[in-house]
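Visitor: sharing a model that was predicted from the sequence below.
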Amino acid sequence: MTAAATVPPSPLPEDRRVLLTRLVDGLDGNSLWWLSGFAAGLAQGTPPPSLAVIPGGQAGNQPAQNRLTVIYGSQTGNARRAAEQLATEAEAAGLPVRLLRADAYATRELANERLLYIVISTQGEGDPPDDAIGLVEFIAGKRAPKLPELKYAVLGLGDSSYVEFCGIARKLDSRLAELGATRLQAVGEADLDIDSVVDPWRAQALRDARANISETAAPTTSNVTPLRHGTVYSAQHPFNAELLSRQVISGRDFKGPAYAQYGTAAKHVHHLELSLEGSNLHYEPGDALGIVHRNPAELVEAVLDVTGLDGSQSVEHDGHGRPLGQWLAEHRELTRISRPLLAAVAERSAHPELARLLDPAQKSELAAVFEDHQLVDVLRRWPAEWSPEALLSTLRPAAQRLYSIASSRKRVGEEVHLTVDELRYHAHGSTHLGAASGFLAALEEGAQLPVYVEANERFRVPADNSRDIIMIGPGTGVAPFRGFVQERAETGAAGRNWLFFGARHFNTDFLYQSEWQDALRRKELQRLDLAFSRDQADKVYVQQRLRTRGRDLYDWLQNGAHLYVCGAIAMGKDVHAALLDVLREHGGLDEDAARDYLTRLHTEGRYGRDVY
């Protein structure tokens, strides 16, 4: 038994105590820490900071000529963390600085900026993160002002397993120069090994900021006293959560009329329940759980087999000595390939076909290789001689995977639930499996799983619980909406909930079917539209259901509903196109007006997307 913490009696009047309780209910850990620092600053006689200034509250009062503005656009949190570190170091150097998320930045201020740093991730094949869509469209559009007095730098974060690596950062960098701004340093392009690019880029950015901000600028003082206690878990320091339960929720083999046709499941989807007891980890529906996985033995053995290397051989790399097999199992990316990897293989193999694929003119062919080749396919197709040291230097560090959380703490307590599609397919003469999904699918109850929470502030149920919500989540994209419905039920939200779900077959792929049916009976879910693409001759997808229900969908949006989409990037684009069709048909809007409508929903926080 642990001793309970002693909390002194509240000095607040009862009405204020009730208001405070309502204020903190449901806030995540970051929000609570910020609130504690805000209160501490007030207690020290410091005026409240502007919410747009993190940190360095005085920066907002500085004229544009004497301050640094840092804007970030982030999908998974990496760009946000890089921007926060840059702003923190600038403040520590005595520079007036303000830090804003892209959707909190007033674009009318751009014409008056003198020193601007943008830190932005690229989503999928060259798309901006959701919180930066409005800013990117403004800078790229006709309303963007000329910027002859602006000095700027852009830092891009991306994944070189996509053809358009850091594409948005490059586009912003070029466009700002086109508008007359002065580039202070080349655009940074950070891959999975983020620090190797971010650290030198940030160092140069700080030197440039010191050189370009007037020495007469008033020194900054922090208005927020951070009060951080306890352990903060991250990818570098995860919490070991116990696996309480794992069950397959696809391929139920109902012996109905379609049994012979649909009896064999093409997918294996697992529902996992993990204990967070003792972690003090907090999450909100819409957040993601980071998984620090170990590459399955099959993947490691395949790489060792094709290279002819000995997994037990000790290898020194990056100042560490480990057996090669351990390097491959725990510290290297073995499934996702990238352009730098292919370039290294091309150099060692001297194969003309691979060199041709890397030509910028062969984007579509290269994209096809990225789509269906894993590392072992590349090593087999273009063989070369590898030493352990050369192989480790060529492979990227292991990328941690994020899974949408499929539960609400208000219903499940100190647990977190996941919906995991086990990736396993046959290609190029062999069976392929996913690194993280294969790892998770093999876990037994009682196993310890290293995890951390990645907040997704733009993918939350509405603060106003009277608002209706529309959720579009085919396949495992339905995961966060299980948490949304649980959250709304537990808080007694008055708004209606409408779910669009799609999959291949009703019999084998209707994830959480009984839960959705129960939710409908209990009035926790008001509408459910389904699309099972392979259950009839003509394929039907969720985007077609959206068009069919277009009149009601438009009416819900016009009455203030929030719209959410979760799932594959390609699906997200198809859904976006369907929404434009709905707005044109039922709202009488032309193409530009329909796009502006959805952009406005993004800006207002009423159109959230979690696509991957």
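Guide: Done, it's in. Computed from a predicted structure; not experimentally measured.

Visitor: count of residues packed around the spatially closest residue to Gln313 that is not a sequence neighbour?
Guide: Leaving out its chain neighbours, the residue that sits closest to Gln313 by Cβ to Cβ, 6 or more residues apart in numbering is Leu324, at 5.1 Å. For glycine as for every other residue, the C-beta is placed from the backbone atoms N, C-alpha and C. Residues contacting Leu324 under the criterion other Cβ atoms under 10 Å number 24.

Visitor: how about Leu324, what does it touch?
Guide: Leu304, Leu309, Asp310, Gly311, Ser312, Gln313, Ser314, Val315, Pro388, Leu391, Leu392 (Cβ atoms under 8 Å, 6 or more residues apart in numbering).

Visitor: OK, contacts around Ser404?
Guide: Gly286, Ala288, Leu418, Thr419, Thr476, Gly477, Ala479, Pro480, Cys566, Asp610.

Visitor: partner strands of the helix or strand it falls within, with direction?
Guide: Element membership for Ser404, per DSSP states H and E: strand 401-404. Here strand 401-404 has these sheet partners by DSSP bridges: strand 288-291 (antiparallel).

Visitor: where are the low-confidence patches of this structure?
Guide: Low-confidence segments of the chain (pLDDT under 70): 1-65, 214-231, 252-266.

Visitor: the residue most central in space within the chain: what secondary structure?
Guide: Against the mean C-alpha coordinate of the chain, by Cα atoms, centre = their mean, the closest residue is Thr76 at 2.9 Å. With DSSP: H, G, I helix; E, B strand; the rest coil as the basis, Thr76 sits in coil.

Visitor: kindly report the same for Gly134.
Guide: helix.

Visitor: can you count the residues close to the closest residue in space to it that isn't next to it in sequence?
Guide: Spatial nearest neighbour of Gly134, excluding adjacent residues (Cβ to Cβ, 6+ apart): Thr603 at 4.7 Å. When counting by other Cβ under 10 Å, one arrives at 17 neighbours for Thr603.

Visitor: state the phi and psi torsions of Thr603.
Guide: When read as degrees, to the nearest 10, the backbone of Thr603 gives phi -60, psi -40.

Visitor: now do Glu84
Guide: phi -60, psi -40.

Visitor: I figured it was touching Leu100, is that so?
Guide: No. Between Glu84 and Leu100 there is no contact, the gap being 11.3 Å when judged by Cβ atoms under 8 Å.

Visitor: of the two, who's got more company?
Guide: Using other Cβ under 10 Å as the criterion, Glu84 and Leu100 rank with Leu100 on top: 22 against 18.

Visitor: which strand residues bridge the more buried one?
Guide: Ile71.

Visitor: that one touches Gly73, doesn't it?
Guide: No. If you go by Cβ under 8 Å, Leu100 and Gly73 don't touch, sitting 10.4 Å apart.

Visitor: between Glu84 and Leu100, which contacts overlap?
Guide: With Cβ under 8 Å, 6+ apart as the test, Glu84 and Leu100 both reach Tyr72.

Visitor: just checking, the residue nearest to Gly134 touches Asp103?
Guide: Yes. Under the criterion of Cβ under 8 Å, Thr603 makes contact with Asp103 at 6.1 Å.

Visitor: distance of Ala205 relative to Val269?
Guide: Between Ala205 and Val269 the distance is 44 Å, computed by Cβ to Cβ, to the nearest Å.

Visitor: that should have said Asp509, apologies.
Guide: Counting by Cβ to Cβ - Asp509 and Val269 are separated by 8 Å.

Visitor: so what sits against both of the two?
Guide: Common contacts of Asp509 and Val269 (Cβ under 8 Å, 6+ apart): Ser250.

Visitor: any idea which element Thr599 lies in?
Guide: Going by DSSP H and E, Thr599 is in helix 591-603.

Visitor: next, the buried residues of that helix.
Guide: If you call a residue buried by 16 or more other Cβ atoms under 10 Å, then helix 591-603 has these buried ones: Ala594, Tyr597, Leu598, Leu601, His602, Thr603.

Visitor: could the contacts of Leu324 go into JSON lines alongside neighbour count?
Guide: JSON lines is the format used below for these (neighbours: other Cβ atoms under 10 Å):
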{"residue": "Leu304", "neighbour count": "19"}
{"residue": "Leu309", "neighbour count": "18"}
{"residue": "Asp310", "neighbour count": "13"}
{"residue": "Gly311", "neighbour count": "18"}
{"residue": "Ser312", "neighbour count": "10"}
{"residue": "Gln313", "neighbour count": "12"}
{"residue": "Ser314", "neighbour count": "12"}
{"residue": "Val315", "neighbour count": "20"}
{"residue": "Pro388", "neighbour count": "20"}
{"residue": "Leu391", "neighbour count": "24"}
{"residue": "Leu392", "neighbour count": "19"}
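
Visitor: just these now: which is nearest Arg143?
Guide: Leu392 (49.0 Å; Cβ to Cβ).

Visitor: quick one on the thing from earlier: show me what the following helix or strand past the strand holding Ser404 is packed against.
Guide: Next in sequence after strand 401-404, counting helices and strands by DSSP H and E, comes helix 409-412. Secondary-structure packing of helix 409-412 (3 or more Cβ pairs under 8 Å, 6 or more residues apart in numbering; DSSP states H and E): helix 479-490.

Visitor: which strands and helices sit next to the helix it packs on?
Guide: Using 3+ Cβ pairs under 8 Å, 6+ apart: helix 479-490 touches strand 401-404, helix 409-412, strand 415-422, strand 469-472, strand 497-503, helix 513-521, strand 562-567.
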